[in-house]
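**Q** Below are the sequence and a predicted model for it; my questions follow.
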Amino acid sequence: MAEIVNLRLVKKQAARKAARSKADENAAKFGRSKAERDLEKARADKAARDLASHERAPK
């Protein structure tokens with residue numbers, strides 16, 4: 001005999017699995033760790049400071 005299955009629950013599980021795989025895909029494609037974001041921000045801040053320090057003073 002076949003096992004009785006609640007189709008509503010099976011559909012929900014399939015949707016969760018699809019969403020989880022899509023989220024993992026996006027995390028691999030777009031995600032960056034906090035350390036990487038902080039490093040990029042620190043580099044951008046330093047570049048802005050360096051540029052500002054090379055400005056000529058107005059007369």
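**A** Perfect, thanks for sending it.

**Q** contacts, neighbours, all on C-alpha from now
**A** OK.

**Q** Measure how far the longest helix along the chain is from the centre of its chain, please.
**A** Taking DSSP state H as the criterion, the chain has its longest helix at helix 7-30. Put simply, helix 7-30 sits 16 Å off its chain's centre (CA atoms, centre = their mean, to the nearest Å).

**Q** Report the buried residues of it.
**A** Residues of helix 7-30 classed as buried by neighbour count (16 or more other CA atoms under 10 Å): none.

**Q** tell me the average confidence for that helix?
**A** The average pLDDT within helix 7-30 is 95.

**Q** That helix packs against which elements?
**A** Judged by 3 or more CA pairs under 8 Å, 6 or more residues apart in numbering; DSSP states H and E, helix 7-30 is in contact with no other helix or strand.

**Q** Skip ahead from that helix and say which helix or strand is next.
**A** Of the helices and strands lying after helix 7-30 in sequence (DSSP states H and E), the nearest is helix 34-53.

**Q** contacts for that next one?
**A** Around helix 34-53, nothing counts as a contact under CA atoms under 8 Å, 6 or more residues apart in numbering.

**Q** For that helix, C-alpha coordinates in CSV please.
**A** C-alpha atoms of helix 34-53 as CSV (Å, rounded to 0.1, in the frame of the first residue of the first chain):
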residue,chain,number,x,y,z
LYS,A,34,31.1,41.6,7.4
ALA,A,35,34.9,41.7,7.4
GLU,A,36,34.9,42.3,3.6
ARG,A,37,32.3,45.1,3.9
ASP,A,38,34.3,46.8,6.7
LEU,A,39,37.5,46.5,4.8
GLU,A,40,36.0,48.1,1.7
LYS,A,41,34.5,50.9,3.8
ALA,A,42,37.9,51.5,5.5
ARG,A,43,39.7,51.6,2.2
ALA,A,44,37.1,54.1,0.7
ASP,A,45,37.4,56.3,3.8
LYS,A,46,41.2,56.3,3.6
ALA,A,47,41.0,57.2,-0.1
ALA,A,48,38.7,60.1,0.6
ARG,A,49,41.0,61.3,3.4
ASP,A,50,44.0,61.1,1.1
LEU,A,51,42.2,63.0,-1.6
ALA,A,52,41.1,65.7,0.8
SER,A,53,44.6,66.1,2.2
